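Colleague: My questions are about this predicted structure, shown below with the sequence.
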Amino acid sequence: MNKLSCIFLLLTVFFQTAAAQDRLGLSTGNYAGLNGVFLNPSSISNSKKYLDINLASGGIFFANNFIYVSKEDNFLERKMNFAQRALKLEFPGFYDDDYIFSDRYDVEPKMGYTDLRLTGPSAMYSFNDHAFAIHFLNRFVVSGQNIPYDVAKFAYERRHYPQLHNTRFSHDNTFNIGSASWAELGLTFAKSFDYNQDLKITAGISIKRLWAYHGVYMRSDQLDYSFRNSDTLDIYNFSGQMAFALPVNFETREFMGVKQLVQGRGFGFDAGITIVKKHQNGRKNHGTVRHVYDPYQFRFGISLLDIGSLHYGHNAKSLFFDEASGRWPGLDSLNLGSINNLVEEMSSVIGNGSGQMNEEGSFNLWLPSAMSMQFDYSLGSDFYIQALWMQSLRFSKNQLVRPSQLSLVPRFEKHFCEVAVPLTLFRYQDPGIGFSVKLGYVTIGTEKLGAFFGLNDLEGVDFYFSLSAGLCKSNYQKTFDKYEKCHTFF
């Protein structure tokens, strides 16, 4: 298929169709190269590229089940107007006429997840049965899980919601809100093993060194409270933890400078294996050829992602509450000049009540860990379909939590052009359709195509991109008697 045919296919799919949490359009294909390590480190050993140079890639993913833009208001003019005001830092208030957000006021626990990442210059190289990769990225994550609807509503309305005033709410279930940002340097090694003539097994691991810019965490193990009005909060019982590490002076709120930007450090790893059922065209001896791609009928992979934690020991505070209670008046007129003022105010509230609040320094925050399974099947004629399961893993109460999901990703791929249409079941209950395309050096995509075009309520934002170049492996030709280089640079 030539370039003109690829472009025609792209336009056809786009106009007919008219969650980047895992950036499925970047990480699932045989040309994924370096981007494949973020889904399964072993994938680089069976990539169609033997050299991949990532100039820049990244994406933003946000999803929640509380705040949304209804599809009636989800049209381009209003979104552009809101975006223009946001760029000028002119955000409309909750009660302004042009405020386009609504909230889902029901008893379902609320969640939210944001994952913003930018990968800088990185590279992958493979030869024979070995593959290596190095990546550097910056990442920003916010997660909230099992948040009671009344807590979310009071936060959204800034406590001004008389319908819930003078009502006592009690929550024994644990809920948490956390945020962290960090720089990440990762080294990946993968190796392939020929099990027999038909099967090949690849294994890979990524070791990651982390430097954290900030960390904020709040966990409630028990919360019993009521608002008398927007100005007064009665706390009957609160057990949990609040922790924060920020590159600001806790007394003056001034930025401490780039030299003191790192507030914590940590390690993490990804690991995975892939079983490849070879295609009959790939069973011959490769001889002395170093860069060979083995066609496959199907492949099955399993991986562990983001296993590790961040330790914050610099400019950090951790507050522990044990059956704390008290009355907090004057919220409407509260003017906190610094973080230390907030800690003193909370200490005063608890001191006039019962229970206790203990202050410590350092704390740990676990990464948004997950287990992933992938099954990729070759349909022939450069068409593939992949099924993917992503299950969140919990190792600690103090952890960022990524949502689980199921995905089905049909795709067409050539060296110049690749098109994928991810179908996703986010949190196992929210369906979505996405679209991604690669043309030459550039890949762009989204997993929330319907919301982007106003076909349904907008509950999140999703967009990813990649700019990369590489060299292809040799292809075993149909004549079975020679190897020939595929298109070298693209």
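Modeller: Good, I have the coordinates.

Colleague: where does residue 145 land on pLDDT?
Modeller: Note on residue 145: pLDDT of 92.

Colleague: where's it, which helix or strand?
Modeller: strand 130-147 (DSSP states H and E).

Colleague: Identify all contacting residues around the helix or strand that that strand is followed by.
Modeller: Once strand 130-147 ends, the next helix or strand along the chain (criterion: DSSP H and E) is helix 149-156. Residues from elsewhere that reach helix 149-156, judged by C-beta atoms under 8 Å, 6 or more residues apart in numbering: 66-67, 94, 103, 105-110, 161, 164, 167, 169, 171, 175, 223, 227. Every residue, glycine included, has its C-beta placed from N, CA and C.

Colleague: Can you name the residues that contact residue 113?
Modeller: Shown in contact with residue 113 (C-beta under 8 Å, 6+ apart): 21, 61-64, 141-144, 401-403.

Colleague: rerun that using 7 Å as the cut-off
Modeller: Residues in contact with residue 113, defined by C-beta atoms under 7 Å, 6 or more residues apart in numbering, are 63, 143, 402-403.

Colleague: who does it bridge with?
Modeller: Beta-bridge partners recorded for residue 113 (DSSP bridges): residue 63, residue 143.

Colleague: All further residue positions should be reported with the first residue as 425.
Modeller: That works, and once the first residue is 425, the last one we named lands at residue 537.

Colleague: how far away is it from residue 651?
Modeller: Residue 537 is 27 Å from residue 651, where distance means C-beta to C-beta, to the nearest Å.

Colleague: Also residue 539?
Modeller: Taken as C-beta to C-beta, the span from residue 539 to residue 651 is 32 Å.

Colleague: swap in residue 894?
Modeller: From residue 894 to residue 651 the distance is 58 Å (C-beta to C-beta).

Colleague: cool, and residue 586?
Modeller: 9 Å.

Colleague: Those two: which is more packed in?
Modeller: Using other C-beta atoms under 10 Å as the criterion, residue 586 and residue 651 rank with residue 651 on top: 23 against 10.

Colleague: list the contacts for the more buried one?
Modeller: Per C-beta under 7 Å, 6+ apart, neighbours of residue 651: 578, 583, 588-589, 657.

Colleague: Out of these, which comes closest to residue 810?
Modeller: Residue 810 has its nearest neighbour among the contacts of residue 651 in residue 578, at 42.4 Å by C-beta to C-beta.

Colleague: Do you have the helices of the chain handy? List them.
Modeller: Along the chain, counting by DSSP state H, helices occupy 427-441, 448-451, 500-511, 573-580, 763-775, 873-876.

Colleague: How far does stretch 786-805 stretch from one end to the other?
Modeller: End-to-end distance of stretch 786-805: 56 Å, with C-alpha to C-alpha, to the nearest Å as the criterion.

Colleague: in that stretch, what's buried?
Modeller: 787-796, 798, 800, 802 (16 or more other C-beta atoms under 10 Å).

Colleague: follow-up on the earlier one: point out the least confident one among the contacts of residue 537.
Modeller: residue 487 (89).
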